[in-house]
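A.B. asks: Generate a structure from the sequence data that follows.
(chains A and B)
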Amino acid sequence: MRRSENKTIDVARRKVLKTGGGLGLLGVFTALGLTSLPAWAGVKRAAFEAKSLGEALDAMGGIVPLESAKIILTAPEIAENGAEVSITVESMFPRTEQISILVDKNPTALAANFTFPQGTEGYISTRIKMAQTSKLVVLVKAEGKYYRVSREVKVTGGGC
Amino acid sequence: MGNPSKMRASLKDGVVEVKALMQHAMENGRRKDEAGNLVPAWYITDVKFQHGDRTVLEIQLGTPVSKNPLMGFRFKGGKVGEKVTLSWVDNRGDTRSDVVAIG
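C.D. replies: Purely as a prediction, here's the structure:
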């Protein structure tokens, strides 16, 4: 009995170590009493291992986003320093639930995923790394549907 | 217990604009040091912003986020003097929380 319990704990522990931050954060937030959002909010951690845009969309649940002009992506046409590419995203959808930033030709495509509770505007600004000239893709989830906008960013000084 | 984040939260026309700069190496695990050794992956995986007890933004991060991650966003319902908290955790389980008052 005791042995099987230990085994269960050991497997659980290994799983935590394997999946890294996601579950670790849950543990930390639980400890701090910060569990206002469900633990599964956001994308599966495995999506961050995807090597291309296509793989990432598959890992995010087989998403087939529609092109949309309601997403305003501001990014440089030419990035002299690929280690710091400043971008802003503004979604015109009234209830934006999620914004994801992807770089098709980075060693791992998915850079960041933002989850917006009600009351937070569909807007973010951040800085990402781009290893080489690539398509930069922004996904927006609004009212359960996925939309996208993409832009080619020419990188003259790589950084990843 | 990582280094302190820099954060500003300013109220304008009923909307709080938050700008935060976290201090973190964000190593992707592919970089080599001067001796030619691979530097292990070390990066923030999750960030959470709260206004009081209310979560206002959750971010999952991968290694393509720049060193010293910069995050800006806007939320409604904040008043001057109220607190905004930023908490992060990295892939080694290190954590950091910082608080700023809305100005």
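
A.B. asks: Distance-wise, check the residue nearest the centre of chain B relative to B:Lys48.
C.D. replies: Most central in chain B under Cα atoms, centre = their mean is B:Met22, positioned 4.8 Å from the mean C-alpha point. As judged by Cβ to Cβ, to the nearest Å, B:Met22 and B:Lys48 stand 12 Å apart. For every residue, glycine as well, the C-beta is placed using N, CA and C.

A.B. asks: Need the overlap of contacts for those two.
C.D. replies: Taking Cβ atoms under 8 Å, 6 or more residues apart in numbering or on different chains as the criterion, B:Met22 and B:Lys48 both touch B:86, B:88.

A.B. asks: In chain B, what residue lies closest to chain A?
C.D. replies: Here the residue of chain B nearest chain A is B:Thr45; by Cβ to the nearest Cβ that distance is 2.5 Å.

A.B. asks: In its sheet, which strands sit next to the helix or strand encompassing that residue, and in what direction?
C.D. replies: For B:Thr45, the enclosing helix or strand under DSSP states H and E is strand B:44-51. Taking DSSP bridges as the criterion, strand B:44-51 pairs within the sheet with strand B:54-61 (antiparallel), strand B:83-90 (antiparallel).

A.B. asks: Please tell me how far it is from the chain's geometric centre.
C.D. replies: Between the mean C-alpha location of strand B:44-51 and the chain-wide mean there is a distance of 6 Å, by Cα atoms, centre = their mean, to the nearest Å.

A.B. asks: Using CSV, write out the CA atom coordinates for it.
C.D. replies: In CSV, the C-alpha atoms belonging to strand B:44-51 read as follows (Å, rounded to 0.1, in the frame of the first residue of the first chain):
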residue,chain,number,x,y,z
ILE,B,44,10.5,32.6,-17.2
THR,B,45,7.7,30.3,-18.1
ASP,B,46,4.7,32.1,-16.6
VAL,B,47,3.7,35.6,-15.5
LYS,B,48,0.6,36.7,-13.7
PHE,B,49,-0.6,40.3,-13.1
GLN,B,50,-3.2,41.0,-10.4
HIS,B,51,-5.1,44.1,-9.5
